[in-house]
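> A predicted structure for the sequence below; I have some questions about it.
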Amino acid sequence: MLLTGWFSFPDGEATAGDVLALHRVEDVLRRAGLAYDVAWSPGFRPDALHLEDVTARRYGYLVFVCGPLHGPQVEELHRRFAHCGRIAVGTSVLDPDSPAVTGFHRVLARDAPAAGPALDLAAGAPALPARPVVGVVLTHGQHEYGAARRHGAVAEAVTSWLAGKDCARLELETRLDRHDWRLCATPAQLESVLLRLDLVVTDRLHGLVLALRAGTPALAVDPVDGGAKVSAQARACGWPALVPAERLEGAGAGELDRWWGWCLTSGRVAARQLRDEWAAGPGQDGARELPAVLGVPHAGRPGARHG
């Protein structure tokens, strides 16, 4: 039996819903003791079985999982696997008279004209283990650092490394905008996101500070040769998970991996401790000295005069 879907076509899409629907079908077949193969798009799973490599005569059944039944790609499956029993399961039927639909011997539709809807296959897929949810806060700006800037190389190295991590990645911006729905409009909105993350990976000073303020560990990379404000702020916070730009060359992935592991274990406790310390009372920052600079004596005492 060969399992196919839109995730099988070279120019198809592998969506989370489609793949979970596939997992549901696989689970049912395994429990029934039925053997099967899965055909994947080479763009999504280059190391797996692909439709162009399949010997059609090896299979007695072709099962098409999830998605809409329409178009020449589905019709081609009927021609290529004409000798097979062909079944569609968990699919949408737009036009019951379409060759893409009529080519199947059975259609166990998710939704179809003049038929009641069935629950999507993804709803009943086997439970999945949770993965870390990681906010990614990177900048390509900061031209004030001139020739010392390594922002582009740092972003490329960090994102390439992150692509190989089994985690849910969420690209974030510290920039606020009341007109762009993709951005937070207030610090409270951004902090509400940071509170729900397991980790923040950032090359921005405020990416580091705001993550720690929320009690979320941050893996910080300083994108400036020799270190600049990100390194300085990590020292001010007493935060160890810092990788200088120059360390990303060569053994950079190993350095990132080391701090990744720390952030997701001991770093969770360390970040919460920092959050609690800051909430109890701000540390030594420039604002403490401001009243004295402004010539206000005994600032902060009850009854002190402010003007």
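That came through fine.

> by contact count, what packs against the helix or strand harbouring Ala157?
Under the criterion of DSSP states H and E, Ala157 resides in helix 151-163. If you count contacts as 3 or more CB pairs under 8 Å, 6 or more residues apart in numbering; DSSP states H and E, helix 151-163 packs onto strand 133-137, helix 252-263. Backbone N, C-alpha and C define where each C-beta goes, glycine included.

> Pull out the buried positions in it.
Neighbour counts over helix 151-163 (16 or more other CB atoms under 10 Å) mark 151, 154-155, 157-158, 161-162 as buried.

> before we move on, back to that, burial-wise, tell me which of the helices and strands packed on helix 151-163 comes out on top.
Comparing those by mean neighbour count (mean count of other CB atoms under 10 Å), strand 133-137 ranks first with a mean of 21.

> what's it in contact with?
158-159, 162, 165, 167-174, 193-194, 196-204, 206-207, 211, 216 (CB atoms under 8 Å, 6 or more residues apart in numbering).

> what residue ranges in the stretch 1-150 of the chain are flagged as low confidence?
Flagging of the stretch 1-150 of the chain using pLDDT under 70 yields the residue ranges 12.

> what are the ranges of the strands in it?
2-4, 37-38, 61-65, 85-92, 106-111, 133-137 (DSSP state E, counting those that start in this stretch).

> circling back: what's the mean pLDDT across the helix holding Ala157?
Mean pLDDT, computed over helix 151-163, is 92.

> the inter-axis angle of it versus strand 133-137?
Helix 151-163 and strand 133-137 are oriented at 170 degrees to each other (axes from the mean of the first three to the mean of the last three CA atoms, to 10 degrees).

> between helix 151-163 and helix 252-263, how big is the angle?
Per the same axes, to 10 degrees, the angle that helix 151-163 makes with helix 252-263 is 60 degrees.

> can I get the CA coordinates of the helix or strand hosting Arg275 in CSV?
Using DSSP H and E, Arg275 sits in helix 266-280. Output of helix 266-280 as CSV, limited to C-alpha atoms (Å, rounded to 0.1, in the frame of the first residue of the first chain):
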residue,chain,number,x,y,z
SER,A,266,19.7,25.4,34.5
GLY,A,267,19.1,28.6,32.6
ARG,A,268,15.3,28.4,33.3
VAL,A,269,16.0,28.8,37.0
ALA,A,270,18.6,31.5,36.5
ALA,A,271,16.3,33.5,34.3
ARG,A,272,13.4,33.3,36.9
GLN,A,273,15.8,34.4,39.7
LEU,A,274,16.9,37.4,37.7
ARG,A,275,13.2,38.3,37.0
ASP,A,276,12.4,38.1,40.7
GLU,A,277,15.4,40.2,41.7
TRP,A,278,14.5,42.9,39.2
ALA,A,279,10.8,42.9,40.3
ALA,A,280,11.9,43.3,43.9
